[in-house]
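**Q** Mind looking at a prediction? Sequence and model below.
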Amino acid sequence: MTSRGAKRPGRSSWSRNGAGGALSLNEPLSVDWLRRHFAEAAAPAASVYGDEGVRPESQELKPASVLVPIVDREDGLTMLFTRRAAHLKDHSGQVSFPGGRVAPGDASPEATALREAREEIGLEPGRVELLGRMPEYHTRTGFRITPVIGVGAARFPARPGQPPAPVA
């Protein structure tokens, strides 16, 4: 038996970092660690309401998904963000993840996230290893966003500068 923070073979160890008792990882984050984490984690049970203001009724929320693309580079993991085009009516110039509204043909939140990533940045679905989902995020603008976590190789033929479709 080991206590929290003690090393176990093949497992990450955690310790209290002193910042309000938060847990921190005592080893470099890796794709293998992420795979283990999402394989062992329970499905997200609750949604998160992160915007201030009036909360829309849950039945009024429009479903959407974003891909949270983690890039596996030789020198470590990074995340890929997009910047919304300046000419867009909503959320212009904001940093975001590729994603958008669920389309009628999308079979799942993962399908939506992968379709949107292909449309927005040219990331082909076959180049992404899907790991799992994070809790839904409900916005005051009326969207229920499912973040889908995926890992991709550092090099892919992206189409940078292509304006993303309007999203929440």
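**A** Here it is on my side, so go on. Being a predicted model, the structure only gives us computed values, none of them experimental.
**Q** what stretches of this protein score poorly on pLDDT?
**A** Within the chain, the segments meeting pLDDT under 70 span 1-28, 45-59, 154-168.
**Q** Which residue ranges of it form helices?
**A** 31-40, 109-121 (DSSP state H).
**Q** how about CSV for these, with mean neighbour count and distance to Ile145 added?
**A** No exception for glycine: its C-beta is placed from N, CA and C like everyone else's. Output for those, formatted as CSV (neighbours: other CB atoms under 10 Å; distance: least, CB to CB, whole Å):
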stretch, mean neighbour count, distance to Ile145
helix 31-40, 13, 18
helix 109-121, 23, 9
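**Q** between these, which one is nearest to Tyr137?
**A** Evaluated over the helices of the chain, closeness to Tyr137 peaks at helix 109-121, with 11.7 Å, by CB to CB.
**Q** Please save the CA atoms from the closest one in CSV.
**A** Extracted in CSV, the C-alpha atoms of helix 109-121 (Å, rounded to 0.1, in the frame of the first residue of the first chain):
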residue,chain,number,x,y,z
PRO,A,109,-19.2,15.2,-29.7
GLU,A,110,-15.9,13.6,-31.0
ALA,A,111,-17.2,13.7,-34.6
THR,A,112,-18.1,17.3,-34.3
ALA,A,113,-14.7,18.3,-32.8
LEU,A,114,-12.8,16.4,-35.5
ARG,A,115,-14.9,17.7,-38.3
GLU,A,116,-14.4,21.3,-37.1
ALA,A,117,-10.7,20.8,-36.6
ARG,A,118,-10.4,19.6,-40.2
GLU,A,119,-12.5,22.5,-41.5
GLU,A,120,-10.7,25.2,-39.5
ILE,A,121,-7.1,24.2,-39.4
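**Q** Which other helices and strands does it contact?
**A** Applying 3 or more CB pairs under 8 Å, 6 or more residues apart in numbering; DSSP states H and E, we find helix 109-121 packed against strand 62-73, strand 99-101, strand 128-133, strand 143-153.
**Q** partners of the last one in the sheet?
**A** What it means is strand 143-153. If you go by DSSP bridges, strand 143-153 pairs up with strand 62-73 (parallel), strand 128-133 (antiparallel), strand 137-138 (antiparallel).
**Q** And for the longest one, what's in contact with it?
**A** Read it as strand 62-73. With contacts defined as CB atoms under 8 Å, 6 or more residues apart in numbering, strand 62-73 is touched by 31, 34, 77-80, 96-102, 109-110, 112-114, 116-117, 123, 128, 134, 142-154, 167-168.
**Q** That concludes my questions; thank you for your assistance.
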